[in-house]
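Peer 1: Predicted model and sequence below, questions to follow.
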Amino acid sequence: MFGYSHLTGGFAGGQAEYVRVPFGHVNLLELPDDVPDEKDNSNTIDTGVEKGDSVAIFGAGPIVHMAGVFALDRGTKRIIFVDTEPRLSCIKSHFPREYMSRVELVDFKTVSSGIPNSKTVVSRLKEICDGRGPDVVQECPVGEYAKGWLHWLDMATGAETDTSEIVNEMIESVHSFGRCGITGVYVGYVRYFASSLFIPRLPQGSGLTDLDKSL
């Protein structure tokens with residue numbers, strides 16, 4: 001599987017116009033010619049993106065770029081990209097011009113990582129979304145890079161293999177009974193997972209596409 005670490009073959013990501021697929025005769029499913037590209041958009045469908053939604057997407061790389069376009073094509077009210085430079089500048093420069101009026105950018109390095117009474121990613125998302133939080137939150141950057149020193153230390157000492165920071169921010173920011181989609185690679189275990197946040201919110205979740213079901 002492309003871009004999913006050595007656990008699934010160690011192949012680099014497949015964000016290119018053409019990709020050579022090893023063992024393609026056994027591990028590819030053919031997409032019929034009568035299915036347009038616009039219908040072949042995984043995470044926006046199984047996360048339940050609907051017309052009029054506010055959608056926050058963590059990350060601003062190629063996968064996020066495509067997820068944002070797909071979501072806007074489905075009629076979302078706004079897209080909020082959460083990342084930092086230089087990737088946010090890529091969104092400004094390369095995202096379709098016709099959609100930019102419905103795009104917001106949040107640089108996580110310009111807000112606090114949780115200091116009381118300071119603006120955080122969560123508070124910024126709620127502020128943008130009328131105080132209630134996004135309808136849908138999608139995670140695309142994976143949890144192998146820590147944002148704060150506490151998780152960096154835990155990963156360096158082997159106390160955890162992945163950081164829960166982004167997933168916790170997703171659950172805390174989405175409004176009650178919202179939807180969360182996780183496409184990142186979490187290979188082991190995390191600490192400080194905010195399980196208590198499920199109680200007041202109970203978000204619906206999704207991950208990789210069930211290809212057999214989709215086809």
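Peer 2: Right, received. Where do you want to start?
Peer 1: Any figure for the gap between residue 191 and residue 165?
Peer 2: As for residue 191, its distance to residue 165 is 11 Å (criterion: C-beta to C-beta, to the nearest Å). From N, CA and C alone the C-beta is placed, and that goes for glycine too.
Peer 1: more neighbours, those two?
Peer 2: Between residue 191 and residue 165, counted using other C-beta atoms under 10 Å, the more crowded position is residue 165 (23 against 13).
Peer 1: Verify the contact between that one and residue 145 for me.
Peer 2: No - contact criterion C-beta atoms under 8 Å: residue 165 and residue 145 do not qualify, at 9.5 Å.
Peer 1: quick one: common contacting residues for residue 191 and residue 165?
Peer 2: residue 151 (C-beta atoms under 8 Å, 6 or more residues apart in numbering).
Peer 1: Dump the biggest helix by length in the chain to CSV, restricted to CA.
Peer 2: When the chain is parsed with DSSP state H, its longest helix is helix 62-73. What follows is helix 62-73, C-alpha atoms only, in CSV (Å, rounded to 0.1, in the frame of the first residue of the first chain):
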residue,chain,number,x,y,z
PRO,A,62,-1.5,16.4,-1.6
ILE,A,63,-4.1,14.0,0.1
VAL,A,64,-5.6,16.9,2.0
HIS,A,65,-5.7,19.1,-1.2
MET,A,66,-7.8,16.4,-2.9
ALA,A,67,-10.0,15.8,0.1
GLY,A,68,-10.7,19.5,0.2
VAL,A,69,-11.7,19.7,-3.5
PHE,A,70,-13.9,16.6,-3.2
ALA,A,71,-15.7,18.0,-0.1
LEU,A,72,-16.3,21.4,-1.8
ASP,A,73,-17.6,19.6,-4.9
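Peer 1: Could you identify the helix or strand that succeeds that helix?
Peer 2: The helix or strand immediately downstream of helix 62-73 is strand 78-83, counting by DSSP states H and E.
Peer 1: and the angle for that following strand with helix 62-73?
Peer 2: Angle, strand 78-83 to helix 62-73, by axes from the mean of the first three to the mean of the last three C-alpha atoms, to 10 degrees: 170 degrees.
Peer 1: could you give the mean pLDDT of the helix or strand following strand 78-83?
Peer 2: Note on strand 78-83: by DSSP H and E, the next helix or strand toward the C-terminus is helix 87-94. For helix 87-94, mean pLDDT is 94.
Peer 1: Who are the contact partners of the residue nearest in space to the middle of the chain?
Peer 2: Nearest to the geometric centre of the chain sits residue 139, at 2.0 Å (C-alpha atoms, centre = their mean). By C-beta under 8 Å, 6+ apart, residue 139 lies in contact with 57-59, 166-167, 170, 180-184.
Peer 1: Fine by me, thanks again.
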